[in-house]
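Peer 1: with the input below, show me the fold.
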Amino acid sequence: MATVAQNMVDTLEANGVERVYGISGDSLNGFTDALRNSHINWVHVRHEEAAAFAAAGEAGVTGNLAVCAGSCGPGNLHLINGLYDAQRSRVPVLAIAAHIPSAEIGSEYFQETHPQELFRECSVYVENVASPSQMPRVLRIAMQTAIEKRGVAVVVIPGDVALDEAVSTHIAEITKTQPRVIPDQGELEKAAKLLNDTKKVTILAGAGSAGAHDEVIALADALKAPIVHALRGKQYMEYDNPFDVGMTGLLGFTSGYKAMEDSDLVLMLGTDFPYQQFYPEKAKKVQVDIRGENLGRRTPLDLGLVGDVRDTAEALLPLIKPKKSSSHLKSSRDHYKKTRKKLDDLAKPTAAGKPIHPQYVARLVNELAADDAVFLPDVGSPVVWAARYLEMNGKRGLIGSFNHGSMANAVSQAIGVQAQDRHRQVVALAGDGGLAMMLGELLTLEQNKPLPVKIVVFSNSSLNFVELEMKAAGFVTWGTDLVNPDFSAVAKAVGMYGVRVTDSDQVEGALRAAFEHDGPALVEVVTDRQELSMPPTIDLEQVRGFSLYTLRTVLSGRGDEILDLARTNLRQIF
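Peer 2: Numbering: from 1, shown residues only. Modelled structure (predicted):
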């Protein structure tokens with residue numbers, strides 16, 4: 001008898017799905033049993049949240065549909081954080097959410113939840129399969145929607161329905177389309193007039209500039225425009241770019257902020273950059289995005305265009321009158337070089353016995369990692385150091401929870417990235433808080449063949465970025481201490497390669513050995529807790545906040561913390 005579950009697995013296999021991430025459970029047994037006899041690999045994780053993050057990581061690096069699964073109630077409920085991340089990162093993920101027995105739905109049965117309602121906000125499609133007659137149609141719609149809308153689709157299916165005889169064994173194969181989306185000619189001409197009539201133009205490029213590197217560079221050349229990138233645009237626009245002036249935003253640096261602030265017009269290409277305070281008030285704004293609902297969402301626009309960045313830039317270029325003056329570009333580039341030098345000066349080793357600068361660790365990771373490595377920084381200070389010190393070259397990848405902003409993403413996403421390509425170097429830049437939150441996934445790395453992920457832990461015994469936010473707001477840091485084990489010893493206990501580093505002169509050797517190790521490896525680096533990741537611009541409220549923090553900290557009897565903070569960060573100021 002061909003079951004509904006068997007038809008689901010056959011359909012996934014026919015559509016190129018090579019692995020499913022999850023944890024087995026009774027309501028999921030029909031599905032996992034069908035997987036057992038297929039060519040699809042079951043990647044057994046230790047927490048369903050990691051399963052969803054792993055699927056998001058795989059989809060993020062391949063652009064193809066990735067799949068995760070969870071059993072009824074708490075099982076699939078654990079998927080939700082990773083699915084939120086996938087949805088907000090706009091990557092195609094299919095989640096199989098097993099449900100309680102169909103006859104018990106609505107009876108307050110053991111482990112009963114309402115998955116359709118729970119997953120609605122973090123998905124582009126969610127549907128409950130109440131009868132075998134709905135399948136495989138619902139699965140086909142779910143896959144098609146996830147791929148075309150680049151988001152999460154959830155198929156909720158009671159365990160008994162999955163084990164029912166299939167009404168249809170048809171196997172639908174989904175084709176990913178590649179449409180060209182270009183604004184109307186009249187809109188292009190309006191954009192060209194604004195750009196041609198403006199003296200100083202700055203480009204802000206985001207994740208939507210993927211695949212449009214050369215076209216954006218050509219546009220910048222004609223406009224003599226510096227290019228600022230958002231974090232998710234870094235891997236697409238930073239390399240081979242004579243117009244690059246770095247990032248802006250909370251994680252960026254002053255050159256990116258200044259290039260936008262000094263412009264007369266900001267051309268936003270494929271970016272939904274969220275921080276309103278970093279957009280210049282006086283400059284005009286022209287935005288290009290393939291999603292029309294994004295236009296004007298972050299800042300008032302003078303013109304919004306719906307279009308793919310590559311095709312729109314290509315269509316716009318012939319309408320641009322090449323600018324003669326490059327003073328704005330030169331000024332922005334000169335400022336960038338000075339800013340870059342200051343950042344590089346911070347990434348230096350410290351004397352023996354002194355806390356290690358995290359910037360130095362990030363710099364060495366950048367220098368020693370493979371040319372095609374994929375980096376996955378945890379949310380918090382590792383993202384800051386990744387944004388400032390990892391260099392993209394057109395082959396490297398950078399994936400993280402950059403929109404959803406979840407802790408504990410790095411190792412979990414790395415599982416999915418490494419599972420789809422065991423020969424590519426995958427480097428997770430983990431905070432000690434993020435690593436500890438999903439520490440069980442070290443077991444996942446060892447259990448699955450194993451997966452040779454390299455983990456670099458920035459260990460500062462604190463929720464470091466949270467402390468920075470507290471200081472900026474004037475609060476005494478409290479509730480942020482972490483009492484950690486020796487993570488390298490934990491790694492060794494699991495069966496991984498592990499080493500702990502406490503002096504700067506040990507960092508390079510430890511990283512080299514880990515990167516060369518044939519298997520998963522963890523390098524724990526004890527870094528300076530008081531290192532400040534300064535934003536590109538500090539407003540008056542932040543100045544007041546730091547002053548208030550200093551006063552409150554001294555009055556609370558922790559004046560030594562202020563001295564440590566000053567010793568560590570005076571070099572950033574002078």
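Peer 1: list the contacts for Ala212?
Peer 2: Tyr236, Leu269, Gly270, Asp308, Val309, Arg310, Ala313 (Cβ atoms under 8 Å, 6 or more residues apart in numbering). C-beta here means a position set from N, CA and C on the backbone, and glycine is covered the same way.
Peer 1: and it, how far is that from Phe402?
Peer 2: Distance from Ala212 to Phe402, counting by Cβ to Cβ, to the nearest Å: 19 Å.
Peer 1: of the contacts of Ala212, closest to Phe253?
Peer 2: Tyr236 (18.7 Å; Cβ to Cβ).
Peer 1: so that closest one sits against Ala210, correct?
Peer 2: Yes. Counting by Cβ atoms under 8 Å, Ala210 is a contact partner of Tyr236 at 4.9 Å.
Peer 1: who's more crowded, the two?
Peer 2: It is Tyr236, of Tyr236 and Ala210, that has more neighbours when counted by other Cβ atoms under 10 Å, with 24 against 17.
Peer 1: can you pull the contacts of that one?
Peer 2: Listed by Cβ under 8 Å, 6+ apart, the contact set of Tyr236 reads Ala205, Ala207, Ser209, Ala210, Gly211, Ala212, His213, His229, Met392.
Peer 1: now the residue nearest to Tyr279 when sequence neighbours are not counted: how far from Pro280?
Peer 2: Once flanking residues are discounted, Tyr279 sits nearest to Thr299: 4.3 Å by Cβ to Cβ, 6 or more residues apart in numbering. Counting by Cβ to Cβ, the separation of Thr299 from Pro280 is 9 Å.
Peer 1: same deal with His404?
Peer 2: 27 Å.
Peer 1: next: Phe253.
Peer 2: Taking Cβ to Cβ, one finds Phe253 at 16 Å from Pro280.
Peer 1: who has more neighbours, those two?
Peer 2: Neighbours were counted for Phe253 and for Pro280 using other Cβ under 10 Å; Phe253 has more, 24 against 19.
Peer 1: do I have it right that the more buried one meets Leu346?
Peer 2: No. Here Phe253 lies out of contact with Leu346, judged by Cβ under 8 Å, at a distance of 10.9 Å.
Peer 1: what's near enough to touch the residue nearest to Phe487 when sequence neighbours are not counted?
Peer 2: Among residues not flanking Phe487 along the chain, Glu524 sits closest, at 4.4 Å (Cβ to Cβ, 6+ apart). Counting by Cβ under 8 Å, 6+ apart, Glu524 touches Val457, Ser459, Asp486, Phe487, Ser488, Gly498, Val499, Arg500, Val501.
Peer 1: what does Ser102 give?
Peer 2: So Ser102 contacts Ala130, Pro158, Asp160, Val161 (Cβ under 8 Å, 6+ apart).
Peer 1: swap in Lys321?
Peer 2: Neighbouring residues of Lys321 by Cβ under 8 Å, 6+ apart: Asn196, Ala222.
Peer 1: out of the contacts of Tyr236, which sit inside strands?
Peer 2: Residues from those lying in strands, with DSSP state E as the criterion: Ala205, His229.
Peer 1: which of the contacts of Tyr236 are buried? Put it as a ChimeraX command.
Peer 2: To isolate the buried members of the contacts of Tyr236 in ChimeraX, using 16 or more other Cβ atoms under 10 Å:
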select :205,207,209,210,212,213,229,392
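Peer 1: can you add pLDDT and give the contacts of Tyr236 back as TSV?
Peer 2: Shown next, in TSV, are the contacts of Tyr236 (pLDDT from 0 to 100):
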residue	pLDDT
Ala205	98
Ala207	96
Ser209	97
Ala210	97
Gly211	96
Ala212	98
His213	98
His229	96
Met392	97
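Peer 1: need the contacts of Tyr236 in JSON lines with distance to Leu303, can you?
Peer 2: Formatted as JSON lines, the contacts of Tyr236 follow (distance: Cβ to Cβ, whole Å):
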{"residue": "Ala205", "distance to Leu303": "17"}
{"residue": "Ala207", "distance to Leu303": "21"}
{"residue": "Ser209", "distance to Leu303": "18"}
{"residue": "Ala210", "distance to Leu303": "23"}
{"residue": "Gly211", "distance to Leu303": "23"}
{"residue": "Ala212", "distance to Leu303": "19"}
{"residue": "His213", "distance to Leu303": "24"}
{"residue": "His229", "distance to Leu303": "21"}
{"residue": "Met392", "distance to Leu303": "30"}
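Peer 1: closest one of the contacts of Tyr236 to Ser412?
Peer 2: So of the contacts of Tyr236, ranked by how close each gets to Ser412 (Cβ to Cβ), first place is Ala207, at 20.2 Å.
Peer 1: nearest residue to the closest one other than its sequence neighbours?
Peer 2: The shortest distance from Ala207 to any non-neighbouring residue, by Cβ to Cβ, 6+ apart, is to Arg232 (3.7 Å).
Peer 1: quick one: contacts for that neighbour?
Peer 2: Gly206, Ala207, Thr271, Phe402, Asn403.
Peer 1: swap in 10 Å and give it another go.
Peer 2: Counting by Cβ atoms under 10 Å, 6 or more residues apart in numbering, Arg232 makes contact with 89-90, 205-210, 270-273, 398-400, 402-403.
Peer 1: so Arg396 sits right up against Leu390, yeah?
Peer 2: Yes. Under the criterion of Cβ atoms under 10 Å, Arg396 makes contact with Leu390 at 7.6 Å.
Peer 1: ok, which stretches of the stretch 51-200 of the chain are helices?
Peer 2: 74-77, 80-89, 115-118, 137-149, 159-163, 185-196 (DSSP state H, counting those that start in this stretch).
Peer 1: count of neighbours near the nearest residue in space to Ala56 that is not next to it in sequence?
Peer 2: Distances taken as Cβ to Cβ, 6+ apart place Ala86 nearest to Ala56, at 3.8 Å, with adjacent residues excluded. Ala86 has 33 neighbours, counted by other Cβ under 10 Å.
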